[in-house]
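>>> Predicted model, plus sequence, below.
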Amino acid sequence: MFGLNLRHVTAIAMATVLFSFAMKVQAADWTRFRGSSGTGLAQAADKLPAEIAPGQNQIWRTELPPGHSSPAIVGNRIFLTAVRGEREKELFTLCLDRATGKIQWEAKAPYKKLEEIHSIGSHAQSSPCADAECVVSFFGSSGLYCYDHSGKQLWNKPMGPLNNNFGAGSSPLIVGDRIILCQDHDLGSFLMAINKKTGEIIWNKDRSEFPRNYCTPIIWENAGKKQIVIAATLRVVGYDLETGNEAWTVRGISRMVSCSPTVGDDGMLYVAGWAAGGDENEGISAEPFDSVAELKDTDKSGTLEESELKDGPIHQRFSQADRNKDGKLTKAEYEYFRNLFADGKNVVISIKPGASGEATDSHVAWRHSRLVPFCASPLYVNGLIFTIKDGGVLQCLNAKTGKQLKQQRLEASKSYYASPVSGDGKVYLLDEIGELTVIKANDQGEVLHTAEFKEDVYATPALVDGRIYLRTAKALYCFGITDKKN
């Protein structure tokens, strides 16, 4: 009676099913470091197993070359970066089939000279980002690479050399038709927006004020605009996405930041930053340059060399203080770094929406200065903030007030480089040697499960569509509920 025959009805029904499936895949993508929202939260309400370990609720396991990058997942593809070889290193992007874990393709990233890295670091530290059209990988001094989903290179943008002997760590993200990349190094720091289709620079903002930092930016909807939020040396900055202009700042954080900010469903921004010497009652102080130079500038050059300093807090961090890497400290370099010890404060802070201009006094909701994490980013879940400090000290804060609700020491007591993630009422935490803890995502944080992977872990897991994708130093695991008791 409506002019539709069975074929039409079937076609409409099939289209509806396909549309629903497409929407589900889109909702379940994990497009960047810490997920599509940058918050470490599973975007769907799918059930996730509490008990995971090698061979337990394991769907598949794929051996991989080394790399610290976390997986990005779009549709039926998983993207990672890796490094192969010792002396002659090969850098490349990997694509795996999401259902089976089989490697579909790899694309090499050539380079002229690689930057130095930390002793536990990797030249594949930055996580890739992806959308339905492309995947983007960043390899420090090798540069930025964009591929389609079949592995065809669309463009690349050489960069560097990076002035930082710890290497690159911050990851790129895709926002609409733009790729956002922040790189803070001892010299030459910048924030850049790049045309996703062409690789052309849309805008490039100088951040030479900021030495080495490793925060990956997050996008915050603030005052009706999308802003790029970066936490770095001594202050948090919000940049306008369209222009790259600084929109607001909040001061009073650590002298170096490795954590990435997060945003709660309350619209608040949460930031953590820790560096040695920034804890209350554990400050580091250094003598003024003139006093030190009078005693130790033996060649009377007016600068201080590492061999002349011999000891002290700046000697221990000589490569950071020597920002231009000429092997000696000028008075300006020395005093800049000395003042960082005095000004840096290790804190977790909450920032209210509506920040504009100088917002330190007007928009900081609270500050919490105990048990601040170093690398593992804070996690917001249902009005709670979870942080994990090296040594396995877990705390839960009230997101509204900053008051500590719970503190506990986990059995997994090594350093934490992987950030916590959450889904299905659970929080997953992994320390450096692959010891896993799963807790309830409530203010008591009851431990549900522990396991040992017996492999180092630096990558943050991805939680997508009822699956947990967990990278160790040797492999990528996929877990899902296979045991009925889960």
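Yes, it's here. Residues are numbered from 1 along each chain as shown.
>>> buried residues in whatever helix or strand L448 lives in?
According to DSSP states H and E, L448 maps onto strand 447-452. For strand 447-452, burial by neighbour count (16 or more other Cβ atoms under 10 Å) applies to 449-451. (Glycine included, C-beta is placed from N, CA and C.)
>>> if you skip the residues just before and after it, what's nearest to I194?
Nearest non-adjacent residue to I194, counting by Cβ to Cβ, 6 or more residues apart in numbering: I179, 4.4 Å away.
>>> Okay, now the sheet partners of the host helix or strand of that neighbour, with direction.
Secondary structure assignment for I179, by DSSP H and E: strand 178-183. Strand 178-183 has the following strand partners under DSSP bridges: strand 173-175 (antiparallel), strand 190-195 (antiparallel).
>>> For K157, list the residues it contacts.
By Cβ atoms under 8 Å, 6 or more residues apart in numbering, the contact set of K157 is 143-144, 194, 199.
>>> Strictly from the record, what residue spans define the domains of this protein?
For the chain, automatic domain parsing gives the domain ranges 1-29, 289-342.
>>> for the stretch 301-450 of the chain, what spans make up the helices?
306-309, 313-316, 318-321, 331-343, 360-363 (DSSP state H, counting those that start in this stretch).
>>> List the contacts of the last one.
Yep, that's helix 360-363 we're talking about. Outside helix 360-363, the residues that reach it (Cβ under 8 Å, 6+ apart) are 248-252, 351-352, 354-355.
>>> and which of these is nearest to F374?
G252 (18.1 Å; Cβ to Cβ).
>>> Please name the residues that touch the closest one.
So G252 contacts 234-235, 345, 347, 349, 360, 364, 367 (Cβ under 8 Å, 6+ apart).
>>> Of these, which is the nearest to K47?
Distances from K47 to those, taken by Cβ to Cβ, are shortest for I349, at 34.1 Å.
>>> Tell me the bridge partners for the closest one.
Here I349, judged by DSSP bridges, has bridge partners V271, R367.
>>> Kindly report the same for L144.
Going by DSSP bridges, L144 forms beta bridges with F138, K157.
>>> thought it was touching I194?
Yes. L144 lies in contact with I194 (Cβ atoms under 8 Å); the separation is 7.2 Å.
>>> shared neighbours, those two?
157, 179, 181.
>>> what's in contact with the strand holding L448?
Counting by Cβ under 8 Å, 6+ apart, 50-54, 56, 410-412, 426, 434-440 sit against strand 447-452.
>>> go with 10 Å
With Cβ atoms under 10 Å, 6 or more residues apart in numbering as the test, strand 447-452 has contacts from 49-54, 56, 394, 408, 410-412, 425-430, 433-440, 486.
>>> Mind exporting the C-alpha coordinates of it to CSV?
Listed next in CSV are the C-alpha coordinates belonging to strand 447-452 (Å, rounded to 0.1, in the frame of the first residue of the first chain):
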residue,chain,number,x,y,z
VAL,A,447,41.6,-5.1,43.1
LEU,A,448,39.8,-7.4,40.8
HIS,A,449,42.7,-9.1,39.1
THR,A,450,46.5,-9.2,38.8
ALA,A,451,48.8,-10.8,36.2
GLU,A,452,52.3,-10.8,35.0
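>>> What pairs with that strand, parallel or antiparallel?
strand 435-440 (antiparallel).
>>> on that earlier part again, output the buried residues of strand 447-452 as a markdown table; include the columns pLDDT and distance to W274.
Output for the buried residues of strand 447-452, formatted as a markdown table (pLDDT from 0 to 100; distance: Cβ to Cβ, whole Å):
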| residue | pLDDT | distance to W274 |
| --- | --- | --- |
| H449 | 98 | 28 |
| T450 | 98 | 25 |
| A451 | 98 | 27 |
